[in-house]
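Colleague: Quick one: sequence and predicted model below, then my questions.
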Amino acid sequence: MLEGTKIPYKMLSLDPFSQWLGIEILECEVGRCRLAMRVREEMLNSMGKAHGGISYSLADTAFGFAANTHGKYAVSIETSINHITALEKGDYLVAEAVIDVTKTKVGFNIIEVKRNDEIVALFKGVVYRTSKDWEE
């Protein structure tokens, strides 16, 4: 079985969308993953603000990476987001997911997306943990 802290790096290497977003792993340990990215011009909507899918995708990736660090394939079964403030080109976003309870097959988590110290979005996710191990 692949060591938990290596799983997010493997996931990112197999994820062309997250690579296109420019997501970088800042910190990773079992049950926790902190990711970052910068909003680029091609990520803006018709109002000149970051498309809502950008912060959603960053948070969803942090959620998925953290959920999988326990060594089992984990998949989201329900997610949603609250956008608190508009994001601009050049904004540097950080999302941190902490998933520390694995007593059941289903887990619920809230991921904060921040610009500096300001929370700009709250992502809620429900994950299902399968019995399949991550392999080298």
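Modeller: Yep, it's here.
Colleague: Output the host helix or strand of Val126 in PDB, but only the C-alpha positions, please.
Modeller: Following DSSP states H and E, the helix or strand that holds Val126 is strand 118-133. Presented in PDB, the C-alpha positions along strand 118-133 are these (Å, rounded to 0.1, in the frame of the first residue of the first chain):
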ATOM      1  CA  GLU A 118      -9.700  36.200   4.900                       C
ATOM      2  CA  ILE A 119     -12.100  33.300   4.400                       C
ATOM      3  CA  VAL A 120     -13.500  33.700   0.800                       C
ATOM      4  CA  ALA A 121     -15.400  30.400   0.500                       C
ATOM      5  CA  LEU A 122     -16.600  27.500   2.700                       C
ATOM      6  CA  PHE A 123     -16.800  24.100   1.000                       C
ATOM      7  CA  LYS A 124     -18.800  21.200   2.500                       C
ATOM      8  CA  GLY A 125     -18.100  17.700   1.400                       C
ATOM      9  CA  VAL A 126     -19.300  14.200   2.200                       C
ATOM     10  CA  VAL A 127     -16.800  11.400   1.300                       C
ATOM     11  CA  TYR A 128     -17.200   7.700   0.900                       C
ATOM     12  CA  ARG A 129     -14.200   5.500   1.900                       C
ATOM     13  CA  THR A 130     -13.900   2.400  -0.200                       C
ATOM     14  CA  SER A 131     -12.000  -0.700   0.900                       C
ATOM     15  CA  LYS A 132      -9.600  -0.400  -2.100                       C
ATOM     16  CA  ASP A 133      -6.000   0.400  -1.100                       C
END
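Colleague: Paired strands for that strand, with orientation please.
Modeller: Strand 118-133 has the following strand partners under DSSP bridges: strand 72-83 (antiparallel), strand 106-115 (antiparallel).
Colleague: what residues does the lowest-mean-pLDDT helix or strand in the chain touch?
Modeller: Within the chain, no helix or strand scores below strand 106-115, which has a mean of 93 by mean pLDDT, DSSP states H and E. Residues from elsewhere that reach strand 106-115 (CB atoms under 8 Å, 6 or more residues apart in numbering): 55, 58-59, 62-63, 66-67, 74, 77, 85, 87, 91-99, 101, 119-129. Every C-beta, even on glycine, is put in place using the N, C-alpha and C of the backbone.
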